[in-house]
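Participant: Fold the stuff below for me.
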Amino acid sequence: MKIFITGARGMVGSNIIEHPSSSMHEILAPTSKELNLLDMENVQTYIKVNKPDMIIHAAGFVGGIQANMDQPVKFLVDNMYMGLNILTASKEHGVKRFMNLSSSCVYPRGAQNPLSEDLILKGELEPTNEGYAIAKVACTRLCEYINRENESYLYKTVIPCNLYGKYDKFDPEHSHMIPAVISKINKAKNNSLKSIDIWGDGLARREFMYTSDFADFVYYAINHFETMPQNINVGLGRDYTINEYYQKIANIVGYRGSFTHDLSRPTGMQQKLIDDTKLKVFGWQYQTTLEQGIQKTYDYFLSEIDK
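Facilitator: Below you'll find the predicted structure:
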């Protein structure tokens, strides 16, 4: 199968391409210089010329809480246009299979956990990353609408929990929690700092999956795409507090200092555990434990520092 992957140089795209199952397909993985997803004409031409059998939309402008709060316009506009351009061009040129990679931020901030797929647009979004979430909700709905108009177009959405791992970004300005904390604690260790601050009280709960496991799910889904639900959560079925993540990372990095809490800082949603009921029925399960994933990610981080 000829599969076109957007965002192929990002963490998720890179792990999908590096997965052993990629050798069974012809992978199209243009760089952002080769294909500007914000340019509709560019997107139309690429799909028309290359005629992919399936598209996996993994591209996105992403970042942590602070980045989302500082640049809400860019997070909304860029992610919206990228998604709408690739979806409408795919439909126009007859691509029948489309896997839209979304985010658990599409769920309402006050919804009861675990978060099931039918909760989308059932409440107010978390304000700290609302722009990004609105863009993701729009693309999820567009996939539903395209399939509703013509059932032969299998345009489906995968909603992973938070992801981390190899090829992650470790710059605190643009990274998610685990890579940011790895970088932060490693720096504290090297500088012999006696304490590290945690945003908020550290009691907020988050669910993180190692990205190579998610890449494994993607290929499982490709092979079972007809039976995959229209929208499906992909997670672990359990979460941890921010304090627990800090402690687990500190143990692996070898940091022996203490933690303090900065209650003036934003923490986002109090809990974001996604419901894995549909995932279990679909027949896939993750393999990497949190400790294994953090160790592999820390090893990758150290290898990148040494370059």
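Participant: what's the distance between Ile294 and Asp168?
Facilitator: Here the criterion is C-beta to C-beta, to the nearest Å. By it, Ile294 lies 11 Å from Asp168. All C-beta spots, glycine's among them, are computed from the backbone N, C-alpha and C.
Participant: is it fair to say Ile3 lies in a strand?
Facilitator: Yes - under DSSP: H, G, I helix; E, B strand; the rest coil, Ile3 falls within a strand.
Participant: residue contacts, it?
Facilitator: Residues counted as contacts of Ile3 (C-beta atoms under 8 Å, 6 or more residues apart in numbering) are His25, Glu26, Ile27, Leu28, Pro52, Asp53, Met54, Ile55, Ile56, Ile222.
Participant: Find me the pLDDT at the last one, would you?
Facilitator: If you check Ile222, the pLDDT there is 98.
Participant: Send me stretch 212-226 as PDB with only the CA atoms.
Facilitator: The C-alpha coordinates for stretch 212-226 follow below in PDB (Å, rounded to 0.1, in the frame of the first residue of the first chain):
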ATOM      1  CA  SER A 212       6.900   3.400  19.500                       C
ATOM      2  CA  ASP A 213       3.900   1.600  21.100                       C
ATOM      3  CA  PHE A 214       1.600   4.100  19.400                       C
ATOM      4  CA  ALA A 215       3.400   3.500  16.000                       C
ATOM      5  CA  ASP A 216       2.700  -0.200  16.600                       C
ATOM      6  CA  PHE A 217      -1.000   0.700  17.000                       C
ATOM      7  CA  VAL A 218      -1.000   2.600  13.800                       C
ATOM      8  CA  TYR A 219       0.100  -0.400  11.700                       C
ATOM      9  CA  TYR A 220      -2.400  -2.600  13.600                       C
ATOM     10  CA  ALA A 221      -5.100  -0.100  12.600                       C
ATOM     11  CA  ILE A 222      -3.900   0.000   9.000                       C
ATOM     12  CA  ASN A 223      -4.400  -3.800   8.800                       C
ATOM     13  CA  HIS A 224      -7.800  -3.700  10.500                       C
ATOM     14  CA  PHE A 225      -9.000  -0.300   9.200                       C
ATOM     15  CA  GLU A 226     -12.500  -1.400   8.100                       C
END
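Participant: show me where the stretch 51-200 of the chain has helices.
Facilitator: Shown for the stretch 51-200 of the chain, the helices assigned by DSSP state H, counting those that start in this stretch span residues 65-70, 72-92, 130-149, 177-190.
Participant: buried sites along the longest one?
Facilitator: Taking 16 or more other C-beta atoms under 10 Å as the basis for neighbour counts, the residues of helix 72-92 that come out buried are 72, 75-76, 78-87, 89-91.
Participant: And for the first one?
Facilitator: The neighbour-count check on helix 65-70 (16+ other C-beta under 10 Å) flags Ile65, Gln66, Ala67, Asn68, Met69 as buried.
Participant: closest to Arg97 among the residues you listed?
Facilitator: The closest of those to Arg97 turns out to be Asn68 (C-beta to C-beta; 30.7 Å).
Participant: In contact with that closest one, which residues?
Facilitator: If you count contacts by C-beta under 8 Å, 6+ apart, Asn68 has them with Phe75, Thr128, Asn129, Gly131, Tyr132.
Participant: Kindly report the same for Arg206.
Facilitator: Applying C-beta under 8 Å, 6+ apart, one finds that Arg206 lies in contact with Asn162, Met177, Asp239, Tyr240, Ile242, Tyr245, Lys272.
Participant: With that, I have no additional questions.
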